[in-house]
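Colleague: predicted structure and sequence below. I'll ask about it afterward.
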Amino acid sequence: MSSTADGASDNSRKVSAPGLKADTQLIGLVGLAHAISHFSQLVLAPLFPWLKDEFNVGFIELGAVLTAFFVVSCIVQAASGFIVDKLGPRPVLFVGLGLLGVAAFGYALAQNYWMLLASAMVAGVGNGVFHPVDYTLFNRKVAPTRLGHAYSVHGITGSLGWALAPAFVVPIAMAFSWRIALASAGVLALAVLLVLWFYRRVLSLDVATVQSATGQGGSAVVGPVAGQFEFLRSPSVWMCFGFFFFYAMVLSVVQTFAPVAAGQLHAVPVALVGICLAIYMVASAGGMAVGGFLAADPSRCERIVGIGFGLAAMLALVLAFAEFPPVLVPVIFGAMGFVSGIAGPSRDLLVKRSTPPNATGRVYGVVYAGLDIGQATAPLIFGALMDHGQFRSVILGLALVQGVLIASAFNVRRVRREALAPAMA
């Protein structure tokens, strides 16, 4: 009995430790899909000036479109984790990408505000599948020694997807129309789906092997999972949920309001305000590349997150209170993006170290639902501040939420250690 079990364990290790080429292919394909997910999240916001005039609505109504997107994505994300654990990630990924393409065409064809809102809800369904899919593939197929780099590439491609969205749709809208810009975004999503279909073998995951637990890669599991919903009783899972809620608020403020608010505070020309977000995202991608090496030691992930967001909060306070030439505003956004990006791979390790065995898709689905709720909530709060001209309050709010992230990261570690203590006693 023991020798058989040992043999099965050895075989499992061989399966779970693929070569560099296989890992590289998988990480690249998942990263490409993740870029389109983030691209779809930011494809509408740069076109708000066109949409505002076209549909005769205000920024509150347009912000509600984004809120609808993320509310639907939140619900689907939590549910899709169960589907991924049941059916495997590949079919769920294909459906998600297809829906993002369909939604972009829906945006382009919208004849009124309500059609735009309906298309955003379709896009939310598509967007909701990616994190359970991506992290299930990584945690089940990538060698543990390369997981930090996988998370790094995942974050980099997401940031590049965000950076690509305005750079892609705005020039097309200016040259042709906003409808052609959004239709082009739909073509791009379907083109990526075609690429993934061609390499579908790389994305395959034997559903039978999904049921095998693994504690590799620094995962500090907190006990066996007895049922489908048992993982919901883990306090560390809900602490991770809260962390991602606040993390999403930071992202939402940076993506939608912070550049404009900083521009108002420092009399920044419109052209410089427009590049702040792109600089932030590109710098964030560079920070994630560095963060992938720092995440090689999972035990220090909370410290890296704390340092990264601590520096980001300090830079936000500089934006709020310091006096400096307008040309330095994009530079400060770039620095903020870099230090936040360094924390990205360690942020993902927080979840892995808190994930019980056999529940990868479900845990990532629930935890990353906090991301969608945060992105749905922030536009309503900070949009109201913008409408009332409270530009300094927007930047101060950004610094405050970044500070909350530091406390949240260390709270995740505290709760995880408390859960492990009885088992180690």
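Modeller: Nice, I can see it.
Colleague: only C-alpha atoms for contact and neighbour calcs from this point on.
Modeller: Will do.
Colleague: which strands or helices does the helix or strand harbouring Ser252 pack on?
Modeller: Counting by DSSP states H and E, the element that carries Ser252 is helix 235-256. Contacts defined by 3 or more Cα pairs under 8 Å, 6 or more residues apart in numbering; DSSP states H and E place helix 235-256 against helix 344-352, helix 360-387, helix 391-424.
Colleague: domain ranges for this protein?
Modeller: Following automatic domain parsing, the chain resolves into domains at 20-201, 230-419.
Colleague: export the ones you listed as JSON lines, with columns for mean pLDDT and mean neighbour count.
Modeller: Shown next, in JSON lines, are the domains of the chain (pLDDT from 0 to 100; neighbours: other Cα atoms under 10 Å):
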{"stretch": "domain 20-201", "mean pLDDT": "89", "mean neighbour count": "21"}
{"stretch": "domain 230-419", "mean pLDDT": "82", "mean neighbour count": "22"}
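Colleague: residue contacts, the residue lying closest to Tyr364 once chain neighbours are set aside?
Modeller: Counting by Cα to Cα, 6 or more residues apart in numbering, Pro132 is the residue found nearest to Tyr364 once chain neighbours are left out, at 5.2 Å. Residues in contact with Pro132 (Cα atoms under 8 Å, 6 or more residues apart in numbering) are 77, 80-81, 84, 89, 360-365.
Colleague: and Pro132, what element?
Modeller: helix 130-141.
Colleague: which SSE is immediately downstream of that helix?
Modeller: As assigned by DSSP H and E, the chain's next helix or strand after helix 130-141 is helix 147-175.
Colleague: for that next one, packing partners?
Modeller: helix 20-41, helix 130-141, helix 178-198, helix 270-294, helix 344-352.
Colleague: what lies in contact with the longest one?
Modeller: Where contact means Cα under 8 Å, 6+ apart, the residues beyond helix 270-294 that reach it are 148-153, 155-157, 159-160, 162-164, 166, 254-255, 259-260, 263, 304, 327, 329-331, 333-346.
Colleague: could you do the third one as well?
Modeller: Taking Cα under 8 Å, 6+ apart as the criterion, the residues outside helix 178-198 that touch it are 29, 32-33, 36, 43, 47, 50, 94, 97-98, 100-105, 107-109, 168-170, 172-173.
Colleague: nearest spatial neighbour of Gly242, skipping sequence neighbours?
Modeller: With Cα to Cα, 6+ apart, the residue lying closest to Gly242 is Gly370, at 6.4 Å.
Colleague: next up, the contacts around that neighbour.
Modeller: 74, 241-245, 248.
Colleague: now for those residues, which pair is the farthest apart?
Modeller: Distance extremes for the contacts of Gly370: the farthest pair is Cys74 and Phe243 at 14.9 Å, using Cα to Cα.
Colleague: quick one: the contacts of Gly370 as a markdown table, columns for distance to Trp178 too.
Modeller: Converted to a markdown table, the contacts of Gly370 look like this (distance: Cα to Cα, whole Å):
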| residue | distance to Trp178 |
| --- | --- |
| Cys74 | 27 |
| Phe241 | 36 |
| Gly242 | 36 |
| Phe243 | 35 |
| Phe244 | 32 |
| Phe245 | 31 |
| Ala248 | 27 |
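Colleague: residues in contact with the closest residue to Leu385 other than its chain neighbours?
Modeller: Nearest residue to Leu385 in three dimensions, chain neighbours excluded: Val394, at 6.6 Å (Cα to Cα, 6+ apart). By Cα under 8 Å, 6+ apart, the residues touching Val394 are 253, 257-258, 261, 382, 385-386.
Colleague: what do you get for Ala343?
Modeller: By Cα under 8 Å, 6+ apart, the residues touching Ala343 are 287-288, 291, 304-309.
Colleague: which residue packs closest to Arg200, ignoring adjacent ones?
Modeller: Spatial nearest neighbour of Arg200, excluding adjacent residues (Cα to Cα, 6+ apart): Arg90 at 7.7 Å.
Colleague: wait, isn't that neighbour in contact with Leu203?
Modeller: Yes. Assessed by Cα atoms under 8 Å, Arg90 is found in contact with Leu203 at 5.9 Å.
Colleague: overlap in contacts of these two?
Modeller: The overlap between the contact sets of Arg90 and Leu203 (Cα under 8 Å, 6+ apart) is empty.
Colleague: now the closest residue to Glu323 other than its chain neighbours: how far from Ala320?
Modeller: Of all residues not flanking Glu323 in the chain, His266 sits nearest, at 7.7 Å (Cα to Cα, 6+ apart). Distance, His266 to Ala320, using Cα to Cα, to the nearest Å: 9 Å.
Colleague: same check, this time on Gly155
Modeller: To Ala320, Gly155 is 27 Å away according to Cα to Cα.
Colleague: do the same with Leu203
Modeller: 45 Å.
Colleague: what's near enough to touch Phe48?
Modeller: Phe48 sits next to 59, 62 when contact means Cα under 8 Å, 6+ apart.
Colleague: in terms of helices and strands, where is it?
Modeller: Counting by DSSP H and E, Phe48 is part of helix 48-55.
Colleague: follow-up on the earlier one: from memory the residue nearest to Glu323 sits against Pro325, does it?
Modeller: Yes. His266 lies in contact with Pro325 (Cα under 8 Å); the separation is 7.5 Å.
Colleague: returning to that earlier point: just the angle between the next helix or strand along the chain from the helix holding Ser252 and helix 270-294, please?
Modeller: Next along the chain after helix 235-256, taking DSSP H and E as the criterion, comes helix 258-266. Put simply, helix 258-266 runs at 130 degrees to helix 270-294, going by axes from the mean of the first three to the mean of the last three Cα atoms, to 10 degrees.
Colleague: how far off centre is helix 258-266?
Modeller: Averaging C-alpha positions (Cα atoms, centre = their mean, to the nearest Å) puts helix 258-266 25 Å from its chain's average.
Colleague: quick one, it and helix 235-256 angle?
Modeller: Helix 258-266 and helix 235-256 are oriented at 50 degrees to each other (the same axes, to 10 degrees).
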